[in-house]
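Colleague: structure, please.
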Amino acid sequence: MTEMLWAVVLLVVGFVLLIKGADFFVEGSSSVAKMLKVPSIIIGLTIVAMGTSLPECSVSVTASLAGNNSLAISNVVGSNIFNLLVVCGVCAIITPLAVHEDTRKRDFPVSIVCAILLLAAGWLEMSISRVEGIGFIVCFAIFLVVMIRSALKARAAGIEVAVEGEDAKILPVWKSLLFIILGGVAIKYGGDFVVDSASDIAAAFGMSQTLIGLTICAIGTSLPELVTSIVAARKNEVDMAVGNVIGSNIFNILLVLGVGSAISPIAFITENAIDLVFLIFISILCWIFSCSRKEIRRGEGIFMVALYIVYWVYICVR
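Modeller: Next up, the predicted model:
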């Protein structure tokens, strides 16, 4: 009883750290974007995406070092599904999500290709080998270089971030960096607290490891993306909200699973293939939504959240 109470306390503390950490992270990152005259979409796809994916990275690397990374794929795939359907869906319900042209033409297709590559790599030998993991890391490095070049090109062209009201103020450099660092640390430890305590609670009720990975761990490690994107959407940083989700999904597959499998090969099971097919399907669906009117609207957001609920029920009963 005492252990369960302690787990609940850690869960609450984790939520508080995630919420405040995300707020600081968005504030500092958007200030840096304005200061460097870099579009929010680039900041969202790089700094914010990597920062909010710290929990997934922490879970994967820690598990790989311990030689027990069976949760890695289900955690990443579950997180990516949650990011697309719930994070984008909830943000679209709050405010229509305008999708940047680069995101529609480059980043969405890259995220879809990443999911297809993971499915192909896993299905070939029913595992993600060290060589494949290194290949994922190399692909991520290439993607990061493209993002940096895009940021430099945008800055050279004088593209500025358009933000209205009081949020348009630029924080001092030291304060922006402090907000990013403190926000990142709070997100990391908040994610750890939420995942550890939620997993303990779930295990006490007899849930399987795969189910824990797809539900509790996936939702827990995706809370930073959810909170950060909601905060960004409320601050009218819609480019950062979408960029955060797509960047995190690419980061999760290429770097998180890449590093994890490079340390220790990751087992791949049939359920992983089914979930990856669903991830590819919803990625294409969200891409179509974003291309049809150049934004994801409230009705589509409601549909996406409803689709996640149906999927969640399916994985719980299968």
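Colleague: quick one: the strands in this protein?
Modeller: Assigned by DSSP state E, the strands in the chain fall at 97-98, 127-128, 266-267, 295-296.
Colleague: closest to Leu10 out of those?
Modeller: With Cβ to Cβ as the criterion, Leu10 lies closest to strand 266-267 of the strands of the chain, at 27.3 Å. Heads up, the C-betas are built off the backbone N, CA and C, glycines and all.
Colleague: direction included, what does the closest one pair against?
Modeller: strand 127-128 (antiparallel) (DSSP bridges).
Colleague: burial count for Asp196?
Modeller: 17 (other Cβ atoms under 10 Å).
Colleague: ok, and the closest non-adjacent residue to it?
Modeller: Closest residue to Asp196 in three dimensions, ignoring its sequence neighbours and counting by Cβ to Cβ, 6 or more residues apart in numbering: Leu10, at 6.8 Å.
Colleague: what sits against the one you found?
Modeller: Contact partners of Leu10, counting by Cβ atoms under 8 Å, 6 or more residues apart in numbering, are Phe193, Val194, Asp196, Ser197.
Colleague: for the closest residue to Cys114 other than its chain neighbours, give me its contacts.
Modeller: The shortest distance from Cys114 to any non-neighbouring residue, by Cβ to Cβ, 6+ apart, is to Ile253 (4.4 Å). The contact partners of Ile253, by Cβ under 8 Å, 6+ apart, come to Val76, Asn80, Cys114, Ala115, Leu117, Leu118, Phe136.
Colleague: pull the most distant pair out of those.
Modeller: For these, and using Cβ to Cβ, no pair is farther apart than Asn80 and Phe136, which are 14.1 Å apart.
Colleague: so how far is Ile112 from the residue nearest to Cys114?
Modeller: 11 Å (Cβ to Cβ, to the nearest Å).
Colleague: repeat for Val145
Modeller: For Val145, the distance to Ile112 - Cβ to Cβ - is 20 Å.
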